[in-house]
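Undergrad: Pasting the sequence and the predicted model now:
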Amino acid sequence: MNKLNRFLRNIKKKRENSLNFRRRRRKIDMGRYRSIGLAALGVLAVIFAAYLLIYAFFMQVTVLGQSMVHTIQNRDTVLVDRVSYRLTGPKRGDIIAFQPDGNRNAQYSVKRVIGLPGETIQIKDGAIYINGKVYTEDVTNESISEEGLASQKQKLGKDEYFVLGDNRNNSEDSRYETIGNVSKKEITGKVWFNVTLGNFGLME
């Protein structure tokens, strides 16, 4: 009888231990799910905040044409900083987005700033001259075959910028009457990031 009692007590203890183990496992799983849920909410909150930030201060522009090749390819989508130029003007070498003649219904044009307000620009013998001196740059060393309006000296006004596409011999830019010199009020902002897969990264 004693042996039978001990056997029954052992079975009871095993059942109790098994029940306790299940309870402990159930509590641990709930804690893990709670942590995963909180982490997922945190990620969603960051994505939402980033979206609001981009919407408030930046805009997306799809670049059409070959004008900025190889820096920006046809149909690449870029982010434009709409805030920086409210504090300061474009710098030489900046890539800007603008709408010619301030036409808000026109397609955005994306070019690189070459000439700054008050400077004199001329293109001759395939080279760019700023205030009578040859302008050298790292972007391209391509000889310019079409001088356009810049075959004659172009004096920029106090709020005017002379812009060129990086693909110098396949670009409609300040050399032509359709674009001309770009005034600051026509400039939407600075192109700073390419969000296109394959060309993803900061713009220079």
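TA: Great, that's in hand. Residues are numbered from 1 along each chain as shown.

Undergrad: so what's Leu202 scoring on pLDDT?
TA: Predicted confidence (pLDDT) for Leu202: 92.

Undergrad: who's in contact with Ala150?
TA: 121-123, 162, 174-175 (C-beta atoms under 8 Å, 6 or more residues apart in numbering). Bear in mind the C-beta positions are built from the backbone N, C-alpha and C, glycine included.

Undergrad: give me phi/psi at it?
TA: Backbone torsions for Ala150, taken as degrees, to the nearest 10, come to phi -80, psi 0.

Undergrad: Name the nearest residue to it, ignoring sequence neighbours.
TA: Ile123 (4.1 Å; C-beta to C-beta, 6 or more residues apart in numbering).

Undergrad: list the buried ones in stretch 134-146?
TA: 139-140, 144 (16 or more other C-beta atoms under 10 Å).

Undergrad: JSON lines please, covering the residues you listed and showing pLDDT and distance to Arg112.
TA: Output for the buried residues of stretch 134-146, formatted as JSON lines (pLDDT from 0 to 100; distance: C-beta to C-beta, whole Å):
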{"residue": "Val139", "pLDDT": "88", "distance to Arg112": "7"}
{"residue": "Thr140", "pLDDT": "88", "distance to Arg112": "10"}
{"residue": "Ile144", "pLDDT": "96", "distance to Arg112": "13"}
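
Undergrad: Throw those into CSV and include secondary structure and distance to Asn199, thanks.
TA: Shown next, in CSV, are the buried residues of stretch 134-146 (DSSP: H, G, I helix; E, B strand; the rest coil; distance: C-beta to C-beta, whole Å):
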residue, secondary structure, distance to Asn199
Val139, coil, 16
Thr140, coil, 17
Ile144, coil, 25
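
Undergrad: And those, which is closest to Ile47?
TA: Nearest to Ile47 out of these is Val139 (C-beta to C-beta; 34.3 Å).

Undergrad: shaky segments in the chain?
TA: Along the chain, segments meeting pLDDT under 70 span 1-30, 48-56, 102-105.

Undergrad: how about a cut-off of 50?
TA: 19, 21-23 (pLDDT under 50).

Undergrad: the helices in it, which residues?
TA: 2-57, 84-87 (DSSP state H).

Undergrad: what residues are up against the residue nearest to Gln73 when sequence neighbours are not counted?
TA: Among residues not flanking Gln73 along the chain, Asn199 sits closest, at 6.1 Å (C-beta to C-beta, 6+ apart). Neighbour list for Asn199: 72-73, 76 [criterion: C-beta under 8 Å, 6+ apart].

Undergrad: What separation do you get for Asn199 and Leu164?
TA: Per C-beta to C-beta, to the nearest Å, Asn199 is found 20 Å from Leu164.
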